[in-house]
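Colleague: Fold the stuff below for me.
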Amino acid sequence: MSRLRSSRLAFTACALVALSGIADAAPKTTVTIYSSAQPGAIPADMYRPTPQNPYAAQQRIPGSAFVRQELALQFQRGNGNVRISDVAALIDPTTVSFESIDDPKGTRVLEQNFQFDLVSRERLMEKFIDQPIKVAVKVGDRVETKSGVLLSTMGGIMLRDPDGQVTILNDFSGVQLPQLPGGLITRPTLDWRVSSEREGVQNVRVGYETQGITWWADYNALFHPGNDANSGTLDVASWVSILNQSGGSYDEATLKLIAGEVNRAPQPSAPRYPGRAMAVESKAMRDEGFEEKSFFEYHMYTLGRPATIPDKSTKQIEMFPTVRGVPCEKIMMYDAMAANSWWDWNAPMTDQNFGVGSPSNVAVFVRFKNSKENGMGMPLPAGRVRLSQLDNDSKGDGSPEFIGEDVIKHTPKDEHVLLKVGNAFDVIGERKQTAFSVDSDGQRITETIEITLRNHKPEPVKVIVQERMFRWTNWKFVGDAPAHEKLDARTLHFPVTIAKDGEQTIRYTVRYTW
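Modeller: Below you'll find the predicted structure:
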């Protein structure tokens, strides 16, 4: 026995013997990651440092991965065991597959086991409950050894000596254990009982699904103002972030990412706990990047070079090089009824005061087309888009400054991307109800709305006024209506151009009948 000393505890144990049948050569690994996260980044509290359960946080990471390895294992003729270690700790054992590439007919699996009872100070001590141990205790300038039967390790070491006296030791310098108990391993291990018709090394293919790993896309867009207040261009860059807390590391693996709504069978709920500390690694793309292709009804992004994904880490990889000069338009929209829209198929809304109060905020959007003509035209996975603009006027320092962010859904090529940036400071709106009447016998409501927009900018601006005919399904304008576009049965757009330091008013009367 040898004594392993530390500030609190040292163990004496036999050395671990190498497991029979474990491969020595590095396996060929492919990792395909699926994400079930909402568009946008994973909350940081999933991987902030905490002293909690090392694998508790992984159980709520919104994603999973299918891991496939090709490696060489040593077989014996007849029945025997083969093992691979350093697999993910959050494996779903029901998904494990094993196949001999060299002898698929002559080698078959009789049973398989996933072993995860890992060696640790706590687990090792638990194995010696009700067994005799020796504890080194410092008394003054000397160290004394106390012997007894271990009763508990909760809150210190509790020993019972041969006379039956119980001693609790809160301060000790070492522990001597008689031997290393069986059933403990240093890393999560897959163990197969196999039957083989031939002896020697065979190439095998192993696969499994693991939780605790996910990916998401982040986009950085730099906005360059155009010649007027409603135009500009964007420089768009995209990065993939991979969060791995699966308990396994994947060295020099082929990396594939699946984007799309992949249906999964319902899973039982697992307890949720805070995450634990993790290292952060960032690596930019210098070699082959991601290659995109259609895959079933989804899209697959395959990295053109091997990637190492360490456990308890995040990794950022460039999804595609920065696309510069993407034409875009800046859209201002006044939607006073956004928070008060109401729909009821059973009765009309006859309350005069409903929706009368209105905000003054005019929202600002940036829109561009994801087309090849604009330098893009690739399927864009869902993710968060951060927008910035250079502070490069006569008083600026030329640095990019954050101006807003939004999330996008999975966006195919040739579709428009609409990003809400924020609310305009110098353009405000006001919505008033100037007339209202209800004729219950005639089953009709007549309402007059007046919307005023004021522009305090030194240049003219264009604003879209969005109105919702929310009181009932049947409606029509009374008299002449301002120029408008009908988006659907209840939503209208009124385009308005406001001169610099100017004001513009639109007014309409609508009649609802039932």
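Colleague: Low-confidence regions, the stretch 101-250 of the chain specifically.
Modeller: 116-123, 179-186 (pLDDT under 70).
Colleague: Helices of that one, start to end?
Modeller: 121-126 (DSSP state H, counting those that start in this stretch).
Colleague: Report the residue ranges of every domain in the protein.
Modeller: With domains defined by automatic domain parsing, the chain comprises 129-176, 425-514.
Colleague: Looking at those domains, spot the one closest to Gly212.
Modeller: Nearest to Gly212 among the domains of the chain is domain 129-176 (28.2 Å), distances taken as CB to CB. Heads up, the C-betas are built off the backbone N, CA and C, glycines and all.
Colleague: circling back: got a markdown table for the domains of the chain, with mean neighbour count and distance to Val194 too?
Modeller: Below are the domains of the chain laid out as a markdown table (neighbours: other CB atoms under 10 Å; distance: least, CB to CB, whole Å):
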| stretch | mean neighbour count | distance to Val194 |
| --- | --- | --- |
| domain 129-176 | 13 | 35 |
| domain 425-514 | 15 | 63 |
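Colleague: Turn those domains into a markdown table, columns for distance to Tyr219.
Modeller: Shown next, in a markdown table, are the domains of the chain (distance: least, CB to CB, whole Å):
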| stretch | distance to Tyr219 |
| --- | --- |
| domain 129-176 | 50 |
| domain 425-514 | 24 |
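Colleague: Minimum distance to His299: which of those has it?
Modeller: Per CB to CB, nearest to His299 of the domains of the chain: domain 425-514, 28.9 Å.
Colleague: Double-check Gly289 against Leu303; I have them as touching.
Modeller: Yes: assessed by CB atoms under 8 Å, Gly289 is found in contact with Leu303 at 7.2 Å.
Colleague: what about these two, which has more around it?
Modeller: Remark: of Gly289 and Leu303, Leu303 carries more neighbours, 21 against 18, as counted by other CB atoms under 10 Å.
Colleague: and the next element down the chain from the lowest-mean-pLDDT helix or strand in the chain?
Modeller: Lowest by mean pLDDT, DSSP states H and E among the helices and strands of the chain is strand 279-280, with a mean of 33. Next along the chain after strand 279-280, taking DSSP states H and E as the criterion, comes strand 290-295.
Colleague: Tell me how far Thr167 lies from Ala253.
Modeller: Plainly put, Thr167 is 52 Å away from Ala253 if you go by CB to CB, to the nearest Å.
Colleague: Now do the strands in the stretch 101-250 of the chain.
Modeller: Taking DSSP state E, counting those that start in this stretch as the test, the strands found in the stretch 101-250 of the chain are 107-115, 132-139, 142-152, 157-160, 166-169, 174-176, 189-196, 200-211, 213-225, 231-244, 250-259.
Colleague: so can I have a markdown table of those strands showing distance to Gly429?
Modeller: Compiled in a markdown table, those are given as follows (distance: least, CB to CB, whole Å):
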| stretch | distance to Gly429 |
| --- | --- |
| strand 107-115 | 61 |
| strand 132-139 | 77 |
| strand 142-152 | 70 |
| strand 157-160 | 72 |
| strand 166-169 | 73 |
| strand 174-176 | 74 |
| strand 189-196 | 63 |
| strand 200-211 | 48 |
| strand 213-225 | 23 |
| strand 231-244 | 22 |
| strand 250-259 | 38 |
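Colleague: Tell me which of those strands lies nearest to Glu329.
Modeller: Of all the strands of the stretch 101-250 of the chain, strand 231-244 comes closest under CB to CB, at 5.8 Å.
Colleague: My guess is Thr350 contacts Ile445. True?
Modeller: Yes: with contact defined as CB under 8 Å, Thr350 reaches Ile445; the gap is 6.3 Å.
Colleague: Common neighbours of the two, please.
Modeller: Residues touching both Thr350 and Ile445 (CB atoms under 8 Å, 6 or more residues apart in numbering): Val438, Arg471.
Colleague: Low-confidence stretches in the stretch 251-400 of the chain?
Modeller: Within the stretch 251-400 of the chain, the ranges that satisfy pLDDT under 70 run 261, 264-288, 339-345.
Colleague: Show me where it has its strands.
Modeller: Using DSSP E, counting those that start in this stretch, strands in the stretch 251-400 of the chain cover 279-280, 290-295, 298-303, 307-309, 313-334, 363-369, 383-390, 400-408.
Colleague: send the alpha carbons of the longest one over as CSV?
Modeller: Output for strand 313-334, consisting of C-alpha atoms alone and laid out as CSV, is shown next (Å, rounded to 0.1, in the frame of the first residue of the first chain):
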residue,chain,number,x,y,z
SER,A,313,-16.3,23.6,-23.0
THR,A,314,-17.8,25.9,-25.6
LYS,A,315,-16.3,26.2,-29.1
GLN,A,316,-17.0,28.8,-31.7
ILE,A,317,-16.4,28.0,-35.4
GLU,A,318,-17.1,30.3,-38.3
MET,A,319,-20.2,29.1,-40.2
PHE,A,320,-19.5,31.1,-43.4
PRO,A,321,-17.1,34.0,-44.3
THR,A,322,-18.4,37.5,-43.8
VAL,A,323,-20.7,38.6,-46.7
ARG,A,324,-20.2,42.3,-47.3
GLY,A,325,-22.5,44.9,-48.9
VAL,A,326,-25.8,43.1,-48.5
PRO,A,327,-28.5,45.6,-49.6
CYS,A,328,-31.1,46.3,-46.9
GLU,A,329,-33.8,48.7,-46.1
LYS,A,330,-34.6,50.3,-42.8
ILE,A,331,-38.3,50.2,-42.0
MET,A,332,-40.1,52.3,-39.4
MET,A,333,-43.4,51.0,-38.3
TYR,A,334,-46.1,52.4,-36.0
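Colleague: Give me the angle between that strand and strand 231-244.
Modeller: Orientation check (axes from the mean of the first three to the mean of the last three CA atoms, to 10 degrees): strand 313-334 against strand 231-244 gives 150 degrees.
Colleague: Run the angle between strand 313-334 and strand 298-303 for me.
Modeller: 130 degrees.
Colleague: So what are the sheet partners of strand 313-334 and their directions?
Modeller: Strand pairing for strand 313-334, using DSSP bridges, gives strand 231-244 (antiparallel), strand 279-280 (parallel), strand 363-369 (antiparallel), strand 461-468 (parallel).
Colleague: could these be laid out in a markdown table, adding distance to Pro310?
Modeller: Output for these, formatted as a markdown table (distance: least, CB to CB, whole Å):
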| stretch | distance to Pro310 |
| --- | --- |
| strand 231-244 | 7 |
| strand 279-280 | 7 |
| strand 363-369 | 36 |
| strand 461-468 | 48 |
